[in-house]
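Enquirer: this is a predicted model, with the sequence first.
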Amino acid sequence: MSTACRLLIDPPAPGAWNMAVDEVLLDWSAATGGCCWRFYRWSEPTLSLGYFQEYHDRDSHPSSRRCAVVRRASGGGAILHDAELTYSVVVPLAHPLGKRREMLYHAVHATLVETLAAWNVRAVICCGVERKSPGEQPFLCFQRRANGDVLVAGTKIAGSAQRRNRGSVLQHGSVLLRSSPLAPELDSLSQFAPQGIHEGDMIRRWTEKLAERFDLVWQEGHLVLEEQSKATTLAVKYGSEEWVRYRGRNAQNLASL
């Protein structure tokens, strides 16, 4: 039986709004048992810190020091959102993909590997990597390696992170389409697809693969008014200095901001 899945293709927006919408969709999935896939971009170059990263660690990356910064509700290393495409997917924990974290990572990234073949880009799923403590990891997510990452010729071009609540799981991630002067040490898909990969083409081809792999029926639309109102409220939290500079478990105490 096919699964109905909302599809949101959002225009560029500030970091606080993007993080707020992901949280709204996570709660929506828990409440309704529904699935949603979202593609989004950023209205200005933005550094997103992992939930547990120290704010002052951004000083170790001079290239992005002056750009906007936001803190994600998911873990992992910092991501410079500039010349890339960001996605998020929410599924209820009762869904087969929601029951096992590794399964969701692999399934989503496997469809990306298939999608990139349309541009003759040979991508693989990273495996066999031993876990390291956060202190042993580079600041930027795309300089780290973890099982499930998408690699091209050893270069990480896509990675994801998750957050769960009592009823659903959110996975969001980034695909490096082009190199950014704000993170010049990172290679991107432009090194392997000289003809370039446009965001719209990536979305079209990727959604085709996702629908085929998971038997999805897309229901393209937008946030309803109630969801927009909730996102507006949550964006205040994600944009606050307290949230951005805070980290760790006690950051949950700021949820009422």
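Expert: Alright, I've got the coordinates. Numbers count the residues shown, from 1 in each chain.
Enquirer: name the residues of the longest helix anywhere in the chain that come out as buried.
Expert: As assigned by DSSP state H, the longest helix anywhere in the chain is helix 15-32. Buried residues in helix 15-32, counted by 16 or more other C-beta atoms under 10 Å: 15-30. No exception for glycine: its C-beta is placed from N, CA and C like everyone else's.
Enquirer: other SSEs contacting it?
Expert: strand 35-40, strand 46-49, strand 68-71, strand 84-92, strand 168-176, helix 225-239 (3 or more C-beta pairs under 8 Å, 6 or more residues apart in numbering; DSSP states H and E).
Enquirer: adding mean neighbour count, write these out as JSON lines.
Expert: Below are these laid out as JSON lines (neighbours: other C-beta atoms under 10 Å):
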{"stretch": "strand 35-40", "mean neighbour count": "22"}
{"stretch": "strand 46-49", "mean neighbour count": "24"}
{"stretch": "strand 68-71", "mean neighbour count": "21"}
{"stretch": "strand 84-92", "mean neighbour count": "23"}
{"stretch": "strand 168-176", "mean neighbour count": "24"}
{"stretch": "helix 225-239", "mean neighbour count": "16"}
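Enquirer: Gln162: which of the ones you listed is closest?
Expert: Among the helices and strands packed on helix 15-32, strand 168-176 comes nearest to Gln162, with 4.8 Å by C-beta to C-beta.
Enquirer: quick check, distance from the closest one to the centre of its chain.
Expert: With C-alpha atoms, centre = their mean, to the nearest Å as the basis, strand 168-176 stands 3 Å off its chain's centre.
Enquirer: mean confidence (pLDDT) on that strand, please.
Expert: Strand 168-176 carries an average pLDDT of 97.
Enquirer: same question, stretch 143-162
Expert: Here the average pLDDT along stretch 143-162 is 95.
Enquirer: report the distance from that stretch to the chain centre.
Expert: In terms of C-alpha atoms, centre = their mean, the centre of stretch 143-162 is set 12 Å apart from its chain centre.
Enquirer: would you mark the buried spots in it?
Expert: Quick answer for stretch 143-162 (16+ other C-beta under 10 Å): 144-146, 148-152, 155-162.
Enquirer: just the endpoints, please. Distance across it?
Expert: 18 Å (C-alpha to C-alpha, to the nearest Å).
Enquirer: about what we covered before: just give me the closest of the buried residues of helix 15-32 to Glu44.
Expert: Among the buried residues of helix 15-32, and counting by C-beta to C-beta, the member closest to Glu44 is Gly15, at 8.3 Å.
Enquirer: for the nearest residue to Ser188 once chain neighbours are set aside, give its distance to Val91.
Expert: Closest residue to Ser188 apart from its sequence neighbours, by C-beta to C-beta, 6 or more residues apart in numbering: Leu176 at 4.0 Å. Note on Leu176: its distance to Val91, by C-beta to C-beta, to the nearest Å, is 25 Å.
Enquirer: do the same with Thr155
Expert: For Thr155 relative to Val91 (C-beta to C-beta), the value is 29 Å.
Enquirer: hang on, the earlier thing: avg pLDDT for the longest helix of the chain?
Expert: Computed over helix 15-32, the mean pLDDT rounds to 98.
Enquirer: just how off-centre is it within its chain?
Expert: On C-alpha atoms, centre = their mean, the centre of helix 15-32 falls 13 Å from the chain's centre.
Enquirer: pretty sure Ser160 is touching Val175, no?
Expert: No - between Ser160 and Val175 there is no contact under C-beta atoms under 8 Å: 9.8 Å.
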